[in-house]
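>>> show me the folded form of this:
(chains A and B)
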Amino acid sequence: MSRDTGPTSLERFINGILPENPTYRQILGICPSLAVSNTMEGAVTMAGAVAFVLLGSNLLISLIRHLLKPHLRILVFTLTIAAFVTIADRFLAAYMYDMSKQLGPYVPLIIVNCIIIARCEICAAKQGVGPALADAVGQSLGFALGLASIATVREILGFGTWFGKWLGWRVIPDLSAQPQVWSNWVIMILPPGAFITLGLLMGVMNGIEHARAARLKRTGGKQ
Amino acid sequence: MNYVVSLVTMAVTTALINNMVFHFFVGNCPFIGVSRRLDTAFGMGAAVTFVTTIAALLSWLLTYFVMAPGAPLATGLWRLLTRDPAAAADLSILSYIVYIFVIAWAVQLVEMYIRKFFPPLYKAFGVYLPLITTNCVILFVCLEIMKHIGTGATDPWDLGKALTYAFFAGFGFLIAIVIMAGIREELDHCDVPKPLQGPGITLIIAGILSLAFMGLTGVDGNLAKLLSAKSSHPAAPASAPAAERSK
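You can find the predicted model right below:
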């Protein structure tokens, strides 16, 4: 095994949040971000579960990185992740039963979520514990941001609420008596709404990025 | 006859109504990543169908005989070890690890088998076979099968049902990815706004396709009625409408 090289902890942490955002930049882990993002509660729980698994597996892989054999490493990654996902799944089933029911098969599907395998491969298998943990925190924050942005749009348009089940905040007043003024967009809760929301948000993110790049070019920015 | 009707209904429900991509959102990474050209999309879809069926066979056998609550093999062994005739073993906590192992193993096996006996097919599948290990469709199918085995299951599946489910889940994925690839080949000639190019427009099209597939809701109930009316057993239970399941 060669010497540990790569970006420092701080760079790893910051990269995860926006420059290498898992949802919008790397386009990884789309399945859960579409499936559980019709309410904020589901999104936050999912992000928490992914954060736990990512932290745990990044830490463990980083600790055993000198023992890994190249041809067996993917298998080791997957089995490590599967063990942590089992813990997260049992925890949810024990303490947040309703949420566990609502998330259904998408919690075990974290095992095949590309984000975690990608982070193990890119960062944890090559760097020490510090950068690996920073990377895990940054990536989970980025994933949470991506998930929360989709869920915000979908829950507000679909139910008119934000954290409706936990906190009961209404964003759009309840106008079910006057459907001619406003009625909730049911399509946003259903599968098509997820695809369209993520597609449009991705367009918005790319648009902002293009605009910033163009501005930097015009002003002859340092980057 | 009832059994055949239930299999046909299950096939239609799985492939069209509760389509893996458009309804359950699984298999989205290859759906967006590999749907640029029609032939590679077809190869990917076929490979997924193939591996899903084999992994489903293995995981059904393992779950039924070893891992489900009160499974015969595990319980027998446990009773032998503890010398307690009433003991019951429940290994379902191991299921995720076992499934991921089974999937990885099935992919390896299929790859070796095809490389040895069907070299042209191996060339056609190309790099997609190893990539399938991390395809959510297969794990999703294994988890669905697990839900329908054991003492807690309300609607127990036998091997035939599990295999039908697995094959048509893969087939639904094949349909979805081929449709998408066909549209994206045409899209090359269109003027897409720059920020939406690539994944953005693909996701929006997927949303519209998903709307179209929602129009098939309820077909399965009518199909079951139609088939059971023709058969000599009039009391075939129509399967629950998909609308109920999609909640």
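>>> distance of the nearest residue to residue B:143 once chain neighbours are set aside from residue A:36?
Take residue B:143 and drop its neighbours on the chain: the residue closest to it by CB to CB, 6 or more residues apart in numbering or on different chains is residue A:105, 4.7 Å away. Heads up, the C-betas are built off the backbone N, CA and C, glycines and all. Taking CB to CB, to the nearest Å as the measure, residue A:105 falls 11 Å from residue A:36.
>>> can you give me the neighbour number for residue A:212?
Close neighbours of residue A:212, defined as other CB atoms under 10 Å in any protein chain shown, add up to 12.
>>> so is the host helix or strand of it next to chain B?
With secondary structure defined by DSSP states H and E, residue A:212 is part of helix A:191-218. Yes: applying CB under 8 Å from any CB of the partner chain, one finds helix A:191-218 touching chain B at A:191-196, A:198-200, A:202-207, A:209-210.
>>> tell me the mean pLDDT over the longest helix belonging to chain B?
Criterion DSSP state H: the longest helix present in chain B is helix B:159-187. Averaging pLDDT along helix B:159-187 yields 92.
>>> now do that helix: distance to the chain's middle.
Computed by CA atoms, centre = their mean, to the nearest Å, the chain-centroid distance of helix B:159-187 equals 9 Å.
>>> can you name the element that comes right after that helix?
helix B:199-214.
>>> for the residue of chain B most remote from its centre, which residues are in contact?
Distance to the chain centre peaks in chain B at residue B:83, reaching 40.0 Å (criterion: CA atoms, centre = their mean). When the contact criterion is CB atoms under 8 Å, 6 or more residues apart in numbering or on different chains, residue B:83 has no partners at all.
>>> give me the more crowded residue out of residue A:105 and residue A:36.
Shown here are residue A:105 and residue A:36; by other CB under 10 Å, residue A:36 has more neighbours (27 against 18).
>>> which stretches of chain A form helices?
With DSSP H as the criterion, chain A has helices at A:9-17, A:30-35, A:40-63, A:73-95, A:97-103, A:114-119, A:129-159, A:186-189, A:191-218.
>>> mind showing which ranges of the chain have poor pLDDT?
Using chain A. Residue ranges of chain A with pLDDT under 70: A:1-6, A:220-223.
>>> wait, I meant chain B there
B:1, B:124-128, B:151-152, B:230-247.
>>> residue A:188 reaches residue A:152, doesn't it?
No: between residue A:188 and residue A:152 there is no contact under CB atoms under 8 Å: 11.1 Å.
>>> tell me, how many residues neighbour residue 129?
By default, I'm working from chain A. Residue A:129, neighbours per other CB under 10 Å, totals 15.
>>> nope, chain B please
Per other CB under 10 Å, the neighbour tally for residue B:129 reads 22.
>>> secondary structure element holding residue B:155?
Judged by DSSP H and E, residue B:155 forms part of no helix or strand.
>>> and the residue lying closest to it once chain neighbours are set aside, its phi and psi?
Nearest residue to residue B:155, sequence neighbours excluded (CB to CB, 6+ apart): residue B:148, at 6.0 Å. Backbone torsions of residue B:148, given as degrees, to the nearest 10, read phi -100, psi 20.
>>> next one: residue B:148 from chain A, what distance?
12 Å (CB to the nearest CB, to the nearest Å).
>>> from what I can see that residue touches residue B:166, true?
No: the criterion here is CB under 8 Å, and residue B:148 misses it with residue B:166 at 11.9 Å.
>>> the more surrounded of those two?
Neighbours were counted for residue B:148 and for residue B:166 using other CB under 10 Å; residue B:166 has more, 27 against 19.
>>> looking at it, the more buried one is touching residue B:52, isn't it?
Yes: Residue B:166 lies in contact with residue B:52 (CB under 8 Å); the separation is 4.9 Å.
>>> what sits against the spatially most central residue of chain A?
Per CA atoms, centre = their mean, the C-alpha nearest to the average position across chain A is that of residue A:143, at 2.4 Å. For residue A:143, the contact set (CB under 8 Å, 6+ apart) comprises A:21-23, A:29, A:33, A:47, A:50-51, A:115.
>>> for chain B, just list every one of the helices.
Using DSSP H, the helices of chain B run over residues B:2-12, B:28-33, B:38-62, B:72-82, B:95-117, B:119-125, B:128-131, B:136-147, B:159-187, B:199-214, B:219-230, B:242-245.
>>> any chance of the ones you listed in a markdown table, plus distance to residue A:135?
Putting the helices of chain B into a markdown table (distance: least, CB to CB, whole Å) gives the following:
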| stretch | distance to residue A:135 |
| --- | --- |
| helix B:2-12 | 43 |
| helix B:28-33 | 21 |
| helix B:38-62 | 30 |
| helix B:72-82 | 39 |
| helix B:95-117 | 23 |
| helix B:119-125 | 33 |
| helix B:128-131 | 24 |
| helix B:136-147 | 23 |
| helix B:159-187 | 32 |
| helix B:199-214 | 23 |
| helix B:219-230 | 46 |
| helix B:242-245 | 39 |
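>>> next up, the contacts around the nearest residue to residue A:113 once chain neighbours are set aside.
Nearest non-adjacent residue to residue A:113, counting by CB to CB, 6+ apart: residue A:29, 4.7 Å away. Applying CB under 8 Å, 6+ apart to residue A:29 gives the contacts A:22-23, A:50, A:113-115, A:143.
>>> ditto for residue B:110
Applying CB under 8 Å, 6+ apart, we find residue B:110 in contact with B:50-51, B:54, B:129.
>>> now for those residues, which pair is the farthest apart?
Farthest pair in the contacts of residue B:110 (CB to CB) is B:54 and B:129. Separation: 11.9 Å.
>>> what's the closest of the contacts of residue B:110 to chain A?
Taking CB to the nearest CB as the measure, chain A lies nearest residue B:51 of these, at 12.9 Å.
>>> leaving out chain neighbours, which residue sits closest to the closest one?
Leaving aside its chain neighbours, residue B:51 sits nearest to residue B:132 (5.2 Å; criterion: CB to CB, 6+ apart).
>>> identify the residues contacting the residue nearest in space to the middle of chain B.
Chain B has residue B:169 as the residue nearest its centroid, 3.3 Å off, counting by CA atoms, centre = their mean. For residue B:169, the contact set (CB under 8 Å, 6+ apart) comprises B:14-15, B:20, B:52, B:137, B:140-141.
>>> turn these into CSV, columns for neighbour count.
Conversion of the contacts of residue B:169 to CSV gives the following (neighbours: other CB atoms under 10 Å in any protein chain shown):
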residue, neighbour count
B:14, 24
B:15, 22
B:20, 29
B:52, 31
B:137, 28
B:140, 23
B:141, 29
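>>> of all these, which two lie farthest apart?
Top of the distance list for these (CB to CB): B:15 and B:140, 14.3 Å.
>>> count the neighbours of residue 16 for me.
Looking at chain A here, since you left the chain open. 28.
>>> that was the other one, I meant chain B.
Counted with other CB under 10 Å, the neighbours of residue B:16 add up to 20.
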